[in-house]
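> curious how this folds, go ahead:
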Amino acid sequence: MNNSLLEKVELTDEEWEAICLKCAKCCYEKIDLGNGHIVYTDEPCVYLDTTTRMCKIYEKRHEIEPDCIKLNEHFIRQINWMPKGCAYVKYLSQKDTLQTVRAIQKSKQPKRVKARRI
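Numbering: from 1, shown residues only. You can find the predicted model right below:
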């Protein structure tokens, strides 16, 4: 993964989309069993080309299929059904880890005190 993307506060749509590895797991039907238990089915979205793992209507997917979810950082942080191997999930985990490490490093830096002339 491009480490410079981890440094950015917000990504452009193009940068965000480039993270996706096109596994298409998010394009398969899921069953919510409750209590956070999600089961993936073998039934793909009707618009998914299962050979290329690309959406046939990608540019207009939200207009044509209102149930198609736009995956963005905020949404992925709110749900628990994305596979652990999803590139977006991994990206956010790495981003969070980097921010935590930076915060720890910053807190451990000695504070500089300005010397006063007497």
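> list the residues that contact the spatially closest residue to Glu73 that is not a sequence neighbour.
When the adjacent residues along the chain are set aside, Glu73 lies closest to Leu92, with 6.5 Å between them (C-beta to C-beta, 6 or more residues apart in numbering). For the C-beta atoms, the positions are set from N, CA and C on the backbone; glycine is no exception. Listed by C-beta atoms under 8 Å, 6 or more residues apart in numbering, the contact partners of Leu92 are 73, 76-77.
> Leu48 now?
Contacts for Leu48 (C-beta under 8 Å, 6+ apart) come out as 24, 27-28, 54-56.
> hmm, back to that, out of the contacts of Leu92, which is most surrounded?
Tallying neighbours with other C-beta atoms under 10 Å puts Ile76 at the head of the contacts of Leu92, with 18 neighbours.
> quick check: which element contains that residue?
Under the criterion DSSP states H and E, the helix or strand holding Ile76 is helix 73-78.
> roughly how far out does the helix or strand that that helix is followed by sit from the chain middle?
If you walk from helix 73-78 toward the C-terminus, the next helix or strand you reach (DSSP H and E) is helix 87-108. A distance of 14 Å separates the C-alpha centroid of helix 87-108 from that of its chain, computed with C-alpha atoms, centre = their mean, to the nearest Å.
> this completes my enquiry, with thanks.
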